[in-house]
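Peer 1: I'll drop the sequence and a predicted model, then ask my questions.
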Amino acid sequence: MPEFSHDEQYFLRHHQFLLYADHFQSHDRRWNVFVVGDHILRFIQRKRITIDKHRTSTSTGTTTTSAAPICNLNINICLNAALISANSVATYNCPLLGGLLCTVNDLLSAVPQLLGLNPNIASVLIGNNELIGLTLTPEEVSAAVASGELSGVCDALGGPVSVILDDPTCPANPTVTTSTSSTRATSTTSTAPATTTTAPPLCDAQVAFCAPLVVAFTVRSQVCPNVLGCSDAQMQAFANSFIGLPGVKSVAYADNIAYGFSLTTTQLQQQLAVLGPINDICTAASIFTLAISDTTCPATALPTQQCGVDVALCTLETLASVGVTSGTCSNGILPCTPSQVTSAAKDSCGSQGGVCRAYGNNLLTPLTATQSVAQIQQSIASYALGNTCLVGTTVTLSDSACT
């Protein structure tokens, strides 16, 4: 029998290997270790046939069912160990609060998404606010842990990290309450949709939230281009403009900011619920209610009649570009009063028949428009999609039917 190192002897004893010349085989026949010279090959060979999510291993002339897959096994490892880095083929990072706070349940629910990233994933590490898909089997990872190969290397950096080791064929994991927190984060370049059961769309819902906590889920946003604030209708127009943008699953507005989120309304509610006390602490100072709809809902309609509302244009956007024309107001040698300006605008609009759809004023200048107030708000939102929309001109408008 060849001479083996201490770690190799421990490895063989730990897995109860039988010796056949230069070939070791475990009692359950799932493991094969080959000897070359005086050393064990570190890459463990195992055949696997998947049948109804049960693994089987084959030997000459027979087929035997293997032991149950390794599931929910807590291990302590160094995530930057060479063996982990060399065999990592996919990662999923916690999307919550910039990747800083996910419960284990959050991560477990994302395992199907991770498995969709790469077909070669043979085991999953769960913890440290991320999922890691490895080409190593759970048995290979477990053996490397037992030999010390995955723990000693990171002692100088503060010790190994506690994670859960799962086989991809494991059934749904039981609910756990452990949470992890870390600033470590990585990114993946592969994307593929996971097959999941989706909740029905939520339309015109109301969700209490804390603005800083949705940053991680925000694909697109637009701040009202008026320092004094925008009407609900104009903010809804900004939100509606995000429908159809890549990655946007719900649209909303609150506190003069329109949002396009990467989560559906239901998913966003779940993420906010996960935060619990953190969300309560944040909203104690500034709580707002999102008017939110999934993008699979019909776009929320703007009011058909708006009277005396402020409409904010973007920087460099002209009144003419949204169908608004400036008029004049005469009051002898004196400037017109605000009421006189409004009356002049309304009279001018009425004289134009059906061509005029709205009237109003820009300070003491009367205005008429060939678009309704809602159409003007939609035009501004469309402009903002392709241009920087900062504070611009604000005018007061009313639909032509307003008295």
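Peer 2: Okay, I see it.
Peer 1: Please count neighbours and contacts with C-alpha atoms only from this point.
Peer 2: Fine.
Peer 1: Leu316: how many residues sit nearby?
Peer 2: Number of residues near Leu316 (other C-alpha atoms under 10 Å) recorded here: 13.
Peer 1: next one: Gln352
Peer 2: Count around Gln352 with other C-alpha under 10 Å applied: 12.
Peer 1: Show me where this structure dips below the pLDDT cut-off.
Peer 2: Applying pLDDT under 70 to the chain flags the ranges 1-67, 95-102, 152-159, 172-199, 273-286.
Peer 1: Show me where the stretch 1-150 of the chain has its strands.
Peer 2: Ranges of strands within the stretch 1-150 of the chain are 17-20, 23-26, 32-36, 39-40, 49-51, 54-59, 62-65, 73-77, 88-93, 101-103, 123-127, 130-134, based on DSSP state E, counting those that start in this stretch.
Peer 1: which residues in the stretch 151-300 of the chain form strands?
Peer 2: Using DSSP E, counting those that start in this stretch, strands in the stretch 151-300 of the chain cover 161-166, 179-181, 205-209, 218-223, 250-254, 257-261, 288-294.
Peer 1: and the first one, which strands flank it?
Peer 2: What it means is strand 161-166. The pairing partners recorded for strand 161-166 under DSSP bridges are strand 73-77 (antiparallel), strand 123-127 (antiparallel).
Peer 1: Give me the secondary structure label for Thr396.
Peer 2: With DSSP: H, G, I helix; E, B strand; the rest coil as the basis, Thr396 sits in strand.
Peer 1: Quick one: residues contacting it.
Peer 2: For Thr396, the contact set (C-alpha atoms under 8 Å, 6 or more residues apart in numbering) comprises Gly308, Val309, Asp310, Val311, Gly360, Asn361, Asn362.
Peer 1: The residues you listed into TSV, with extra columns for neighbour count?
Peer 2: Output for these, formatted as TSV (neighbours: other C-alpha atoms under 10 Å):
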residue	neighbour count
Gly308	16
Val309	17
Asp310	22
Val311	24
Gly360	30
Asn361	26
Asn362	18
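Peer 1: just to revisit the earlier point, determine which stretch of the strands paired with strand 161-166 is the most buried.
Peer 2: When you average the neighbours per residue for each of those (mean count of other C-alpha atoms under 10 Å), strand 123-127 leads with a mean of 27.
Peer 1: Could you dump the strands of the stretch 151-300 of the chain into TSV with mean neighbour count and distance to Val355 added?
Peer 2: Below are the strands of the stretch 151-300 of the chain laid out as TSV (neighbours: other C-alpha atoms under 10 Å; distance: least, C-alpha to C-alpha, whole Å):
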stretch	mean neighbour count	distance to Val355
strand 161-166	20	68
strand 179-181	14	61
strand 205-209	17	36
strand 218-223	19	31
strand 250-254	28	32
strand 257-261	27	31
strand 288-294	22	33
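Peer 1: These: which one's closest to Pro69?
Peer 2: strand 161-166 (8.1 Å; C-alpha to C-alpha).
Peer 1: taking the contacts of Thr396 one by one, which sit in strands?
Peer 2: Val309, Asp310, Val311, Gly360, Asn361, Asn362 (DSSP state E).
Peer 1: Any chance of the residues you listed in TSV with distance to Ile243 as columns?
Peer 2: Conversion of these to TSV gives the following (distance: C-alpha to C-alpha, whole Å):
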residue	distance to Ile243
Val309	25
Asp310	24
Val311	21
Gly360	30
Asn361	31
Asn362	31
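Peer 1: Which single one of the residues you listed is nearest to Leu150?
Peer 2: Val311 (61.5 Å).
Peer 1: how much space between that closest one and Thr289?
Peer 2: To Thr289, Val311 is 22 Å away according to C-alpha to C-alpha, to the nearest Å.
Peer 1: Any idea which of the strands paired with strand 161-166 gets closest to Leu107?
Peer 2: strand 123-127 (6.7 Å).
Peer 1: Tell me how far Thr300 lies from Thr394.
Peer 2: In terms of C-alpha to C-alpha, Thr300 sits 24 Å off from Thr394.
Peer 1: who's more crowded, these two?
Peer 2: Between Thr300 and Thr394, Thr394 has the larger neighbour count (other C-alpha under 10 Å), namely 20 against 17.
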